[in-house]
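Q: next comes the sequence, and after it the predicted model I'd like to discuss.
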Amino acid sequence: MAKQQKMVEDITSMEVDFAKWYTDVVKKAELVDYSSVKGCMIIRPYGYAIWENIQADLDKRFKATGHENVYMPLLIPEHLLQVEKDHVEGFAPEVAWVTQGGEETLSERLCIRPTSEVLFCEHYKKIINSYRDLPKLYNQWCNVMRWEKTTRPFLRSSEFLWQEGHTMHETKEEAMEETMQQLRTYEDFYRDTLAIPAVTGRKTEKEKFAGALETYTIEPMMHNGVALQGGTSHYFGTHFAECFGITFTGRDNTQQVPHQTSWGVSTRMIGAIIMVHGDDNGLVLPPKIAPIQLVIVPIAVHKPGVLEKARELQEQLKGQFRVKLDDSDNSPGWKFAQYEMKGVPLRLEIGPKDIENNQCVLVTRHNREKTFVSLDELPQMIEKKLQEVHDGIYQRALENLKEKTSVATTLDEFLDIAQNKPGFIKAMWCGDSACEDKIKDLTNGVKSRCIPFEEEHLSDTCVCCGKPAKHMVYWGKQY
RNA sequence: CGAGGCGUAGCUCAGCUUGGUAGAGUGCUUGGUUUGGGACCAAGAUGCCGCAGGUUCAAAUCCUGUCGCCUCGACCA
């Protein structure tokens, strides 16, 4: 893409300091504010509106595949968390505890949910008795808390918002199908709604969710080549169900244990949107989730007829698009910069000259392209331009993903790339987690992202130890 | 948890070395002129100098403690 002139001086350039750029954008676009508790963020109206649009879209997809929403408690008694050993070991280091109620010390500590597997299990034990009760396809939208040591708004916060689906099935096949279906739902959502391309696949043994038999993941790449675990879908087998004593009477009148899945995405996706699409002028929002899809900026507001025309357009368009008219006294230049910072995909400029000619100017955020449009065909053109933005930013992100994906067949090559070229590295792997540890040590944090569903054959041997290769793995640093 | 940085106006920060009336820019309010890439003029309002002790005639400034936040590491289903 052609380099744009940077016009917003308040935002640190991506090239200069990507981390600083990120926090500048988050604050300047008025998505969040810091609170007085470390790692807990205030999600401001503009940021929350993005989340609401994400929720609405995903929720529709979940319901279309038969899922129902429920709400589980915030607190988990300690004994319940400890029922499954791997699970508690995985989460124990980062749970927050409630130890006191009013003036009384509690006889048992209560954990603030870091995830709700055990709560769902406890409930499922009560309500699943027969194969006729299956499948159970529950989802909840809620907050969770993980006591993180390093926090960043959206990417890793102590408290965050998410959805967690927890399902129970009669057979392994059915549960596996659910696991894959939900991963595909995430993939579709990332591509069609967020305009974000990603690599999908299976996590290695080492990177699996605590207690899961298989973890599938969607891994988008940020603009700077760093990966973000963008969503996961887990197959649990019957292990949790066994620990919790969940059984049902099968079609053949034998007692059986159901197969379980869970899957989730969080407000972290907003971090992905920022880091995949954003530029030096601020946020760039995918049109489908942008709280404002079109901002109308009247030029020379006080000249007769201008404001009236702008209002007329707003009225005409508001049923079809999310439209804002900025009729404030700020200068047009200020407004241009302001809404670019906030990532509004489309800007409509209308001034006295345009009104004379029955036209207006449409400007697309991601490339600042200006088009003169007749007012007679405005709605169709807006529709078209919004699609152009969606396709444009998807394409740009896809090119970035391709450009920043390398292949390594030897360890030297791998280390050289890890050192000098940020992004994903495709390389063969023997299947031994010792090699994952070694690579992580040698590269200052490069980990296996996933084993893709369609593996390429790059070479015969493991890039690390030289033993026969079992899989092709995507490697990379992550947030 | 380790290393560094920072707490002064809504925001960004100066002032601290060498103790002596609390500052600037920006934002905010009012009025006017402007308006196709962050406009200009004028007038105004805005402070527990993070918190608690101490030294001193006198502390934003020096000393001790404490709390919090940020960044980078380590950790991170």
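A: In hand now; what should we look at?
Q: RNA strand B versus residue A:43, what's the distance?
A: Residue A:43 sits 14 Å away from RNA strand B, going by C-beta to the nearest atom of the strand, to the nearest Å. In short, each C-beta sits where N, CA and C put it, glycine included.
Q: confidence score at that residue?
A: pLDDT for residue A:43: 89.
Q: any idea which element the residue nearest in space to the middle of chain A lies in?
A: Most central in chain A under C-alpha atoms, centre = their mean is residue A:269, positioned 2.2 Å from the mean C-alpha point. Element membership for residue A:269 (DSSP states H and E) is helix A:268-277.
Q: interface residues of the stretch 251-400 of chain A facing RNA strand B?
A: A:266, A:281, A:299-303, A:329-334, A:336-338, A:340-341, A:349-354, A:360-361, A:363, A:368 (C-beta under 7 Å from any atom of the strand).
Q: buried among those? Need that as a selection in PyMOL.
A: Here is the PyMOL command that selects the buried residues among these (16 or more other C-beta atoms under 10 Å):
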select buried, chain A and resi 266+281+299+301+336+337+338+340+341+349+350+351+354+360+361+363
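Q: what segments of the stretch 251-400 of chain A are helices?
A: For the stretch 251-400 of chain A, applying DSSP state H, counting those that start in this stretch gives helices covering A:268-277, A:306-317, A:332-341, A:352-357, A:378-403.
Q: buried set for stretch A:77-87?
A: Using 16+ other C-beta under 10 Å as the test for burial, stretch A:77-87 gives A:77, A:80-81, A:83-84, A:87.
Q: can you pull the pLDDT of the residue of chain A most remote from its centre?
A: In chain A, the greatest distance from the average C-alpha position (C-alpha atoms, centre = their mean) is reached by residue A:304, at 46.1 Å. We have a pLDDT of 90 for residue A:304.
Q: can you report how many residues neighbour the residue nearest to residue A:365 when sequence neighbours are not counted?
A: Using C-beta to C-beta, 6 or more residues apart in numbering and skipping residues adjacent in sequence, the residue nearest residue A:365 is residue A:345, 5.0 Å away. Neighbour count of residue A:345, defined by other C-beta atoms under 10 Å: 27.
Q: any low-confidence regions in the stretch 151-300 of chain A?
A: Regions of the stretch 151-300 of chain A meeting the criterion pLDDT under 70 are absent.
Q: can you map out the strands along it?
A: In the stretch 151-300 of chain A, the strands defined using DSSP state E, counting those that start in this stretch lie at A:159-169, A:198-202, A:214-220, A:231-237, A:248-249, A:255-256, A:259-266, A:294-298.
Q: for the nearest residue to residue A:400 once chain neighbours are set aside, which residues are in contact?
A: The shortest distance from residue A:400 to any residue other than its chain neighbours is 6.2 Å, reached at residue A:223 (C-beta to C-beta, 6+ apart). Counting by C-beta atoms under 8 Å, 6 or more residues apart in numbering, residue A:223 touches A:14, A:18, A:275-276, A:278, A:400.
Q: and residue A:223, how far is that from residue A:393?
A: Residue A:223 is 11 Å from residue A:393, where distance means C-beta to C-beta, to the nearest Å.
Q: next: residue A:206.
A: Using C-beta to C-beta, we find residue A:206 at a distance of 34 Å from residue A:393.
Q: which one's more surrounded, these two?
A: Taking neighbours as other C-beta under 10 Å, residue A:206 and residue A:393 compare with residue A:393 leading, 26 against 14.
Q: what sits against that one?
A: If you count contacts by C-beta under 8 Å, 6+ apart, residue A:393 has them with A:195, A:277, A:284, A:286, A:366.
Q: out of the contacts of residue A:223, who has the most neighbours?
A: Neighbour count (other C-beta under 10 Å) singles out residue A:276 as the most crowded of the contacts of residue A:223, with 27 neighbours.
Q: let's see stretch A:109-117 as PDB, backbone CA atoms only.
A: Extracted in PDB, the C-alpha atoms of stretch A:109-117 (Å, rounded to 0.1, in the frame of the first residue of the first chain):
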ATOM      1  CA  ARG A 109     -12.700 -19.400  49.400                       C
ATOM      2  CA  LEU A 110     -14.700 -18.400  46.300                       C
ATOM      3  CA  CYS A 111     -12.900 -17.900  43.100                       C
ATOM      4  CA  ILE A 112     -13.900 -15.200  40.600                       C
ATOM      5  CA  ARG A 113     -14.400 -17.200  37.400                       C
ATOM      6  CA  PRO A 114     -11.400 -17.300  35.100                       C
ATOM      7  CA  THR A 115     -13.600 -19.500  32.800                       C
ATOM      8  CA  SER A 116     -16.700 -21.500  33.600                       C
ATOM      9  CA  GLU A 117     -16.200 -25.200  32.600                       C
END
